[in-house]
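Here you go, sequence then predicted model.
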Amino acid sequence: MNQLVPLPSQMTYSFRLRFTFFFTTEKKDKKKKSRRERETNSDEERAPLPVNRGEAEFYNEASANVAPVAVQASEYDPTNEIIPSSIPEDTEAPREEGGLFSEEGLAVALAVDNAAEDEFIYAAIEYDPDSKPPLHKNRRFRLYTCIALVIVVSVVVVVVVYITKSAKGDEIVNLSVDYTPPPTAAPTLAPTTDREASGIKEQIEMGVLQRGVTFQDLDKNDPRWLALDWILFKDQMQLQSNDKNLYQRYVMALLAYSFDSLAWHYCGEHREFDPKFGNVTEEYVVENCTVLDMTGDEEEHSVWLSSTPECGWYGAVCSSDDVLRGLQLIGNSLIGEIPPEISQLRFLQYLAFNGNCLYGTIPPEMSTMPNLLSLELQGNGLSGYMPVEMYDATKLQLLNVAMQYDYDDTCQRSNGTLVYTMYARGNLANGLNWGLTGNVLGNQTSRWESMKGLHIFDNSFTGEISDQIGELKYLVFLRAQNNQFSGLLPNGMTQLKKLRELYLYQNGLWSDIPPDIGLMEDLEDIRLGENMMYNPIPESFYNLRKMKNVWLQDTYECSNVTNDCEASPDVGFEGTIQTEIGNLKELSQLVINNNPFNGTLPSELGNCEKLSILHIHQTNIEGTIPKSVCLLRDKMLNTETGTGIFYADCRPNNKTGDPWISCSCCTDCCDHTTRVCIADD
């Protein structure tokens, strides 16, 4: 290893030193050349002498006679350490000016010959004091980069958490509820429990309550509030806000409180002990009840508001995924109004509350139940206008709201007060209950495109029957008797090819029978009595081979002065009973009394061997009852008592005159003039 030679004292050296690092010349060639060009241009005036690679010469400023010292860099050897070589003294005479020295006498480091550079792999990188460090080594750049990364990571975390919570909330109603406590005028809020702060209240308020109501608006005795209180604190199942059956269970609890379940005949008593029902249980925990089915067999169910799955409560019918599909509480002493929140049983297909003491109106929200196929509310004390929104329930196949007017039943509340279905809202002080009103068979009827059974009798429906009713191509049963319908029977009704029962008696219809009625080939039962109808029976009527029951009795005659109406044999259906009646082999009941039919009774009627009721009194039919008809007495035209089966005007007319008709086989004979009928069998 070479040794360093100390330089003479009192010598001042000024020099440019080239630091040599070894890199490939190709990468830094452009930068190196530009640097060298600047050095070359600055040294051209000095006319340097060529030197060997790595040499640097120094000039003694103190004495020009001192021999210059040349510093020779040893050749690079990668196996040895890099140590400066010794600096030998140069005994040669000083060089002339313009050679290796500057005007100030300083040694000058000359550029390496380019030709020599090309022969080596290594090159020197010059140090530039004005150059800036690479971007990735810049402290400010690294600081900003770290801050940006932190912000990006935070945003990603927030998005992931939000999506996770939203997906969890969608298991109930595809609704994410951001809860903001309602403002209050009180200076401080009452302490809340974990259950109250769990989001259940807000979830139910947003997803179940109707008509803009909030729990803050409700009295603490309101059934909606009581149901919430039960869900939060009394129900030991302790549902959470994201449980899929939260809405379903809440609505069923609401029905129990709305209909006073403590007064129910079956499975409504949930108190610790009640001698009436024999329940022995802890409050709201696990309770069972036994009910007899239609065949008299015992069935086990759970009591309503017990801490058991609601699908096991009496009357509930659920699918395999525990979703409520049917609810049947028939004749169970339900008392109260139907809450609009029942509409949130979104998957309910069958609802039967018939034979109870419900009052008030039908909530229009029920029309929004997307899967409801059957609605049975008959035999209650409902009143008010039939919501026009019910036409939106286009999937309905059975609508039964019959028997609201003149339906007599009495129920007792759990507090001992009585409810009467004969009176409005169950209260004697409100006067008679007239049932449901509105023009339910108007132009919008055709929207019930899936309807099969329409039972609306015993109400106060008004208006004319629209010709659009003929578009109900699946309609099988139309029972609209005992209402206030008026006008004509539309000919469009004859398009009801599947109709079997047509009940329109006890209305205000003034019409004849449509002449194309024979097109209704499935018609089995037609009842048009107690109207103001007229004209003969159309010929096509006798083509209805499936016909079983024909009720055309008691046509009304009304006074233009008093508007009072009464049955009269002088107005109504007229003409003769044609011989083609013998084609109606399935005929069981022929009731045509109190009409001005004339002529004689055709013997072909004897072909109707299933005939069990024949009422032809208070008509103008004369002559003698054919023997073929009397022979039917030995078949179906008979009863154990032998009375009330075969009526005719076979008593002396006006007590003393000849009978209007001669009959040896009638069960009851009537006086045509006095209208008195006496059993004669």
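It's in.

hey, where'd the strands end up in the stretch 301-450 of the chain?
Along the stretch 301-450 of the chain, counting by DSSP state E, counting those that start in this stretch, strands occupy 316-318, 324-328, 335-336, 350-352, 357-360, 374-376, 381-382, 384-385, 398-400, 410-412, 418-420, 436-438.

same check, this time on the stretch 151-300 of the chain
273-274, 279-280, 288-292, 298-302.

So for Pro626, which of those sits nearest?
The minimum distance between Pro626 and these falls on strand 288-292, with 50.7 Å, by C-beta to C-beta. Glycine gets a C-beta too; all of them are placed from N, C-alpha and C.

So which elements touch that closest one?
Strand 288-292 is packed against strand 298-302, with contacts defined by 3 or more C-beta pairs under 8 Å, 6 or more residues apart in numbering; DSSP states H and E.

chain center to the strand it packs on, what's the gap?
Centre-to-centre, strand 298-302 and its host chain are 30 Å apart (C-alpha atoms, centre = their mean, to the nearest Å).

Report the angle between it and strand 288-292.
Interaxial angle of strand 298-302 relative to strand 288-292 (axes from the mean of the first three to the mean of the last three C-alpha atoms, to 10 degrees): 150 degrees.

Buried ones in strand 298-302, by neighbour count?
Across strand 298-302, burial judged by 16 or more other C-beta atoms under 10 Å covers 301-302.

ok, now stretch 494-502?
494-496, 499-502.

re the thing from before, just tell me which of the strands of the stretch 151-300 of the chain ends up closest to Gln506.
The minimum distance between Gln506 and the strands of the stretch 151-300 of the chain falls on strand 288-292, with 35.6 Å, by C-beta to C-beta.

now Ala352: how far from Asn245?
Per C-beta to C-beta, to the nearest Å, Ala352 is found 22 Å from Asn245.

and the residue lying closest to Tyr474 once chain neighbours are set aside, how many neighbours does it have?
Of all residues not flanking Tyr474 in the chain, Lys452 sits nearest, at 5.2 Å (C-beta to C-beta, 6 or more residues apart in numbering). Using other C-beta atoms under 10 Å, Lys452 has 17 other residues around it.

Equivalent analysis for Gln216, please.
By the other C-beta under 10 Å criterion, the neighbourhood of Gln216 contains 10 residues.

what about it, distance to Glu337?
22 Å.

try Leu329
Going from Leu329 to Glu337 by C-beta to C-beta gives 15 Å.

Of these two, give the one with the bigger neighbour count.
Leu329 (26 against 17).

Tell me the spacing between the more buried one and Asn245.
Taking C-beta to C-beta, one finds Leu329 at 19 Å from Asn245.

re earlier: which two from the buried residues of stretch 494-502 end up farthest apart in space?
Gln495 and Glu501 (16.2 Å).

Tell me which of the strands of the stretch 301-450 of the chain is the most buried.
strand 381-382 (a mean of 28; mean count of other C-beta atoms under 10 Å).

which helices and strands sit right next to it?
With 3+ C-beta pairs under 8 Å, 6+ apart as the test, strand 381-382 has strand 357-360 packed against it.

Any stretches of the stretch 51-200 of the chain with poor pLDDT?
Where the stretch 51-200 of the chain drops to pLDDT under 70, the residues are 51-138, 164-192.

pLDDT at Lys473, what is it?
pLDDT recorded at Lys473 is 96.

helix, strand or coil for it?
Recorded secondary structure, Lys473: coil (DSSP: H, G, I helix; E, B strand; the rest coil).

separation between it and Leu496?
Using C-beta to C-beta, Lys473 is found at 8 Å from Leu496.

what sits against Asp467?
490-493 (C-beta atoms under 8 Å, 6 or more residues apart in numbering).

again, only this time at 6 Å
Residues near Asp467 by C-beta atoms under 6 Å, 6 or more residues apart in numbering: 490, 492.

which non-adjacent residue is nearest the spatially most central residue of the chain?
Closest to where the C-alpha atoms of the chain average out (C-alpha atoms, centre = their mean) is Arg346, at 4.6 Å. What sits nearest to Arg346 in space, not counting adjacent residues and going by C-beta to C-beta, 6+ apart, is Pro370, at 6.3 Å.

Look at that neighbour and say how many residues are nearby.
Pro370 has 11 neighbouring residues, counting by other C-beta under 10 Å.

Tell me the span between the first and last residue of stretch 608-619.
21 Å (C-alpha to C-alpha, to the nearest Å).

Over to stretch 607-627?
Distance between the boundary residues of stretch 607-627 (C-alpha to C-alpha) amounts to 12 Å.

Check stretch 608-624 too.
Using C-alpha to C-alpha, one end of stretch 608-624 lies 18 Å from the other.

what does stretch 649-662 give?
Using C-alpha to C-alpha, one end of stretch 649-662 lies 8 Å from the other.

Can you point out the buried residues in it?
Within stretch 649-662, the residues scored as buried using 16+ other C-beta under 10 Å are 649-653, 659-661.

Pick the one among these closest to Leu436.
Nearest to Leu436 among the buried residues of stretch 649-662 is Asp649, at 39.9 Å by C-beta to C-beta.

Could you dump the buried residues of stretch 494-502 into JSON lines with distance to Ser306, secondary structure and pLDDT added?
Putting the buried residues of stretch 494-502 into JSON lines (distance: C-beta to C-beta, whole Å; DSSP: H, G, I helix; E, B strand; the rest coil; pLDDT from 0 to 100) gives the following:
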{"residue": "Thr494", "distance to Ser306": "54", "secondary structure": "helix", "pLDDT": "97"}
{"residue": "Gln495", "distance to Ser306": "51", "secondary structure": "helix", "pLDDT": "97"}
{"residue": "Leu496", "distance to Ser306": "47", "secondary structure": "coil", "pLDDT": "97"}
{"residue": "Leu499", "distance to Ser306": "45", "secondary structure": "coil", "pLDDT": "98"}
{"residue": "Arg500", "distance to Ser306": "43", "secondary structure": "coil", "pLDDT": "98"}
{"residue": "Glu501", "distance to Ser306": "42", "secondary structure": "strand", "pLDDT": "98"}
{"residue": "Leu502", "distance to Ser306": "46", "secondary structure": "strand", "pLDDT": "98"}
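
Quick check: bridge partners of the residue nearest to Phe477 when sequence neighbours are not counted?
Leaving aside its sequence neighbours, Phe477 sits nearest to Gly453 (C-beta to C-beta, 6+ apart; 4.3 Å). Gly453 has the following beta-bridge partners by DSSP bridges: Leu398, Phe477.

Quick check, Gly453 in contact with Leu396.
No. The criterion here is C-beta atoms under 6 Å, and Gly453 misses it with Leu396 at 9.4 Å.

These two: which is more packed in?
It is Leu396, of Gly453 and Leu396, that has more neighbours when counted by other C-beta under 10 Å, with 23 against 18.
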